[in-house]
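Colleague: fold the following and give me the result.
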Amino acid sequence: MGWLTRATAAVMLLSMTAACGPVPEGAVPRVTTPTTETGDAAASPAPSAAAELTPIPEDCATDPAYPKRQMRGVWLTTVRNIDWPSEPGLSPQQQQEELTAFLDRAVELGLNAVFFHIRPTADAVYASDKEPWARYLTGTQGGDPGYDPLEFAVAEAHTRGLELHAWFNPYRVGWREADLEHLADDHPVRRNPEWMIVYDDQGYLDPGNPEVREWVVDVVADVVERYDVDGVHFDDYFYPYPASGETFDDDASWQAHGDGFPDRDAWRRDNVNQLIRQVHERVHDIKPWVRFGVSPFGIWRNRSSDPSGSATSGLQSYDALHADTCTWIREGWIDYVVPQLYWPQGFAAADYAVLAPWWAEEVAGTGVDLYIGQAAYRVGEDGWKGADALAKQLDFNTQHPEITGDIYFSMKDLNGRARTAIEQVAANHYARPALPPVASGASGQPAPVRDLVADTGEDGVTLRWEGDADHRWYAVYRVPADTDACALADAKHLVAVLGGDQHTYRDPAPGNEAVRYHVTAVDAFRVESVPSAGVVVNPR
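Modeller: So this is what the prediction gives:
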């Protein structure tokens, strides 16, 4: 991720041109049948015939303060044990306890997605026959942690109603002393030393080597094939961030593969473009519901270099990192983009209030979703002080409907320096749950849930229902008893999103008025079913 000093870096502007644009707890209740007025009826199953169910009309007026669909994510980082595990060498039980505590915290804050760092240094935080176990698990690269962290994380996230996106770093091999001198025998660079270029204090897989590109695509495809992940995610590391006095020595690849390009910069951008395109194609060929996205450095180009650029004066990812994000958006090679806008409003070189609208314009009309990378790790610094340090960024986002979510860096900061700030976000912006955005290529709806019943007791209302194997999540709504189906069109009455293995929900506080419960099913494409027939519950 784009942490540390490069959040405010500025580099000399390059002269190449490009175009970017959009081609109160209530009384103990009692339950009635779905059509009964307030009375003394006993619990009764709702009708299960699909013909009796009422779809949510498409023309309902909705409340923008309660979006039904919104990305609310957090990066959970493994490299250098930034977030998890807290240190190498913990027992499987300790690692799992730490991980589930983070997932529980995500749910508590109203988040719905975790971006889990599974390939930090051309290694694996999962069982792989391609690359060795990451050293951040046991302290030694190749050391078996005794369980499969990705398999565990996917299962635990899903049962909590969270998405799990697999986060890969495509090119980084590691740091010179900590990693390069201790590579496992089966590391791909041990087998193919010509794949690596050492630049400054780190090693990188050579993006200009076609064998490297094929390898990275195969590594991603292997994970998508074997694990029930919801997304594939790359961060901002493509070609390395510039280091003073250093040269990225890709002469051999340039000489072998650079014919037909006007210069090396254009060739380097094409290398990254090919990787992005091929990953997108492979992921969607294997599992079309798995979404692929990238979180680039927050400045594409400055307007001083390109009239299509932003009114900023910082490092340009197009030139410095050879990441042509605008082409990826325009060509539809990514499903979502998460620019890392790690600067406050009013920061002269890279003003959040300038960049968020710029990115909104770039995705408008393209079908690519825009989420904002939020700097939870900077809370407390100048420009990021106060309990509203993050909330004021989301307040600003509401002016731009193209912005449909936020992802926070990083998980430990939501428990630490950003604790008060993220809790204000949760109170002001995440008061109700939200379903994740729908994947492209979806067709049809999952079957509705069946046999919804409600039981009452001293501790509230317990709902039970039957579902199908392809139900990934369930959404539980509690609406006023006298409202129509439009009450389910936004999230104002959405009280819970549960994993597909959950078929019960306890509502401890249904209120003092008659309410009606509905449950919908959500499939792997994030498509929502027709609501179940309602169960009306009246106050005692």
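Colleague: following element in sequence after the lengthiest helix in the chain, please.
Modeller: The single longest helix within the chain, with elements called by DSSP state H, is helix 264-286. Sequence order places strand 291-294 as the next helix or strand after helix 264-286, per DSSP states H and E.
Colleague: show me the contact partners of that following strand.
Modeller: Strand 291-294 is contacted from outside by 165, 230-235, 276, 279-280, 283-284, 323, 325, 328, 334-338, 369, 371, 437, 439-440, using C-beta atoms under 8 Å, 6 or more residues apart in numbering. Every residue, glycine included, has its C-beta placed from N, CA and C.
Colleague: that strand: what's the following helix or strand?
Modeller: Using DSSP H and E, the helix or strand that follows strand 291-294 towards the C-terminus is helix 317-320.
Colleague: distance from the chain centre to that next one, please.
Modeller: Centre-to-centre, helix 317-320 and its host chain are 24 Å apart (C-alpha atoms, centre = their mean, to the nearest Å).
Colleague: packing partners of it?
Modeller: helix 325-331 (3 or more C-beta pairs under 8 Å, 6 or more residues apart in numbering; DSSP states H and E).
Colleague: quick one: mean pLDDT for the helix it packs on?
Modeller: Averaging pLDDT along helix 325-331 gives 98.
Colleague: other SSEs contacting the following helix or strand past that helix?
Modeller: As assigned by DSSP H and E, the chain's next helix or strand after helix 325-331 is strand 336-337. If contacts are counted by 3+ C-beta pairs under 8 Å, 6+ apart, strand 336-337 sits against strand 291-294, helix 325-331, strand 369-374.
Colleague: show me what secondary structure element comes after strand 336-337.
Modeller: From strand 336-337 onward toward the C-terminus, using DSSP H and E, the following helix or strand is helix 352-363.
Colleague: buried residues, that next one. List them.
Modeller: 352, 354-363 (16 or more other C-beta atoms under 10 Å).
Colleague: do you know the pLDDT at the nearest residue to Tyr408 once chain neighbours are set aside?
Modeller: Nearest residue to Tyr408, sequence neighbours excluded (C-beta to C-beta, 6 or more residues apart in numbering): Ala376, at 4.4 Å. Each residue has a pLDDT score; the one for Ala376 is 98.
Colleague: quick one: the strands in the stretch 51-200 of the chain?
Modeller: Using DSSP state E, counting those that start in this stretch, the strands of the stretch 51-200 of the chain run over 71-76, 113-119, 163-168, 172-175, 196-199.
Colleague: just the CA trace of the last one, in CSV.
Modeller: Taking Å, rounded to 0.1, in the frame of the first residue of the first chain, the C-alpha atoms of strand 196-199 are listed here in CSV:
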residue,chain,number,x,y,z
MET,A,196,14.4,-10.8,-10.6
ILE,A,197,15.7,-7.2,-10.8
VAL,A,198,17.2,-5.7,-7.6
TYR,A,199,16.4,-2.0,-7.3
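Colleague: parallel or antiparallel, list what pairs with it.
Modeller: Sheet pairing of strand 196-199 (DSSP bridges) gives strand 202-205 (antiparallel).
Colleague: got the contact list for the partner strand?
Modeller: With C-beta under 8 Å, 6+ apart as the test, strand 202-205 has contacts from 122, 170-176, 179-180, 188-189, 195-198, 212, 215-216, 239-240, 248.
Colleague: so where's the stretch 51-200 of the chain uncertain?
Modeller: Across the stretch 51-200 of the chain, the ranges flagged by pLDDT under 70 are 51-52.
Colleague: go with 90
Modeller: Along the stretch 51-200 of the chain, the parts satisfying pLDDT under 90 run over 51-53.
Colleague: quick one, which of the contacts of strand 291-294 are buried?
Modeller: Applying 16+ other C-beta under 10 Å to the contacts of strand 291-294, the neighbour count classes 165, 230-235, 276, 279-280, 283-284, 323, 325, 328, 334-338, 369, 371, 437, 439 as buried.
Colleague: how's this protein carved up into domains?
Modeller: Under the assignment automatic domain parsing, the domains of the chain span 30-62+441-539, 78-428.
Colleague: tell me which of those sits most buried.
Modeller: Stretch with highest mean neighbour count among the domains of the chain: domain 78-428 (a mean of 20; mean count of other C-beta atoms under 10 Å).
Colleague: could I get the full set of helices for the chain?
Modeller: 92-108, 135-138, 149-159, 188-191, 210-226, 251-257, 264-286, 317-320, 325-331, 352-363, 391-397, 411-415, 419-428.
Colleague: turn the ones you listed into JSON lines, including distance to Pro446.
Modeller: Below are the helices of the chain laid out as JSON lines (distance: least, C-beta to C-beta, whole Å):
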{"stretch": "helix 92-108", "distance to Pro446": "23"}
{"stretch": "helix 135-138", "distance to Pro446": "36"}
{"stretch": "helix 149-159", "distance to Pro446": "15"}
{"stretch": "helix 188-191", "distance to Pro446": "40"}
{"stretch": "helix 210-226", "distance to Pro446": "21"}
{"stretch": "helix 251-257", "distance to Pro446": "46"}
{"stretch": "helix 264-286", "distance to Pro446": "20"}
{"stretch": "helix 317-320", "distance to Pro446": "39"}
{"stretch": "helix 325-331", "distance to Pro446": "30"}
{"stretch": "helix 352-363", "distance to Pro446": "28"}
{"stretch": "helix 391-397", "distance to Pro446": "30"}
{"stretch": "helix 411-415", "distance to Pro446": "31"}
{"stretch": "helix 419-428", "distance to Pro446": "29"}
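Colleague: which non-adjacent residue is nearest Asp468?
Modeller: Leaving aside its sequence neighbours, Asp468 sits nearest to Ala447 (C-beta to C-beta, 6+ apart; 5.4 Å).
Colleague: tell me how far that neighbour lies from Ser529.
Modeller: 6 Å (C-beta to C-beta, to the nearest Å).
Colleague: so what sits against both of the two?
Modeller: Joint contacts of Ala447 and Ser529 (C-beta under 8 Å, 6+ apart) are Ala521.
Colleague: related to what we said a few turns ago, so which of the buried residues of helix 352-363 comes closest to Gly110?
Modeller: Nearest to Gly110 among the buried residues of helix 352-363 is Ala356, at 21.0 Å by C-beta to C-beta.
Colleague: can you tell me which residues contact the closest one?
Modeller: Ala356 is in contact with 341, 372, 393, 396-397, 400, 403, counting by C-beta under 8 Å, 6+ apart.
Colleague: returning to what we had before: closest one to Gly500 among the helices of the chain?
Modeller: When the helices of the chain are compared by C-beta to C-beta, helix 149-159 sits nearest Gly500, at 6.8 Å.
Colleague: thinking again about what came up before, can you redo the domains of the chain as JSON lines with distance to Arg72?
Modeller: Listed next are the domains of the chain as JSON lines, based on distance: least, C-beta to C-beta, whole Å:
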{"stretch": "domain 30-62+441-539", "distance to Arg72": "11"}
{"stretch": "domain 78-428", "distance to Arg72": "4"}
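Colleague: out of these, which gets nearest to Gln70?
Modeller: In terms of C-beta to C-beta, the element of those nearest to Gln70 is domain 78-428, at 5.0 Å.
Colleague: show me how far that closest one is from its chain's centre.
Modeller: Here the centre of domain 78-428 is set off from its chain's centre by 10 Å, with C-alpha atoms, centre = their mean.
Colleague: now Gly444: closest residue in space that isn't a chain neighbour?
Modeller: Once flanking residues are discounted, Gly444 sits nearest to Val527: 7.4 Å by C-beta to C-beta, 6+ apart.
Colleague: is it true that the one you found touches Gln445?
Modeller: Yes - contact criterion C-beta atoms under 8 Å: Val527 and Gln445 qualify, at 5.5 Å.
Colleague: correct me, but Asn514 touches Ala481?
Modeller: One correction, residue 514 is Ala, not Asn. Yes - Ala514 lies in contact with Ala481 (C-beta under 8 Å); the separation is 3.8 Å.
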